[in-house]
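Student: The sequence and its predicted three-dimensional model are supplied below.
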Amino acid sequence: MTKSEIPVMPKFFDRYINLADNILLIDALEQGVSFENLIPAKTLEALGDLRYAPDKWTVKDILQHIIDNERIISYRALRFARNDRTELPGYDEELFGQNTNAISRTIADLYDEYAIVRQSSIALFKSFSDEMLLRSGIASHQTISALALGFVLVGHATHHVNIIRERYLPLLS
C-alpha cells in the first residue's frame, strides 16, 4: 500500500508522513535500511560529540533516538494491525535521551543496530495484509492506522537525517 492510501492523515504525525515518497510502504522502508548510504559513518565520527547549540543532542543521541522511535512505532503498528484497540500512550523522547549510553557507542555500532531494527520493521510490515495495515488505534491521543505508522517510520528517519545535514554537518566546515 502507498502513502496516498492512508485512510486518515493524523495530525502531528503528518509532518513525518509527508516526508515520505508516495511509493509502496515496503519499498519506502527498504530504501532507508542503511544510513551509511545517506551520511557516511566517517563523516559523523568527525563530528564527535559536537552539538549545534547548547542542550541539543549529539549525532549519536539522534541515532539512538531514531532507533528507539523505530521500536516504539513498530510496536504500535503491531498492536493496531492485530486489532488491539487499547489506547497507547506517548513517550517522553527527552527522558529516553537522558537515559541512554549513546555517548559511549560508536557511529558504526549505532548504524548496525539501526539496520537490524529496520530489517525487523520491514519483516513486521511485510507480514501485514492490506486489511491489517488499514486497522487503526489511538496512540499519543491521535487516531492512526498501521499503514500511517509505517510511513511515520520512513519520514521520522528522514526528518532527523535532514537535521543532521542542515545543522550538524556545517560544524565540520
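Tutor: In hand now; what should we look at?

Student: any idea how far R85 is from Y111?
Tutor: 36 Å (C-beta to C-beta, to the nearest Å). To be clear about C-beta, it is placed using only N, CA and C from the backbone, and glycine gets the same treatment.

Student: Which one's more surrounded, the two?
Tutor: Legend: neighbour count by other C-beta atoms under 10 Å for Y111 and R85, higher for Y111 (19 against 10).

Student: D21 should be in a strand, yeah?
Tutor: No - read with DSSP: H, G, I helix; E, B strand; the rest coil, D21 is coil and lies in no strand.

Student: Give me the neighbour count for it.
Tutor: D21: 14 neighbours (other C-beta under 10 Å).

Student: Name the nearest residue to it, ignoring sequence neighbours.
Tutor: A28 (6.1 Å; C-beta to C-beta, 6 or more residues apart in numbering).

Student: and the next element down the chain from the host helix or strand of that neighbour?
Tutor: Using DSSP states H and E, A28 falls within helix 25-31. Heading C-terminal from helix 25-31, the first helix or strand you meet, by DSSP H and E, is helix 41-47.

Student: Right, I'll leave it there.
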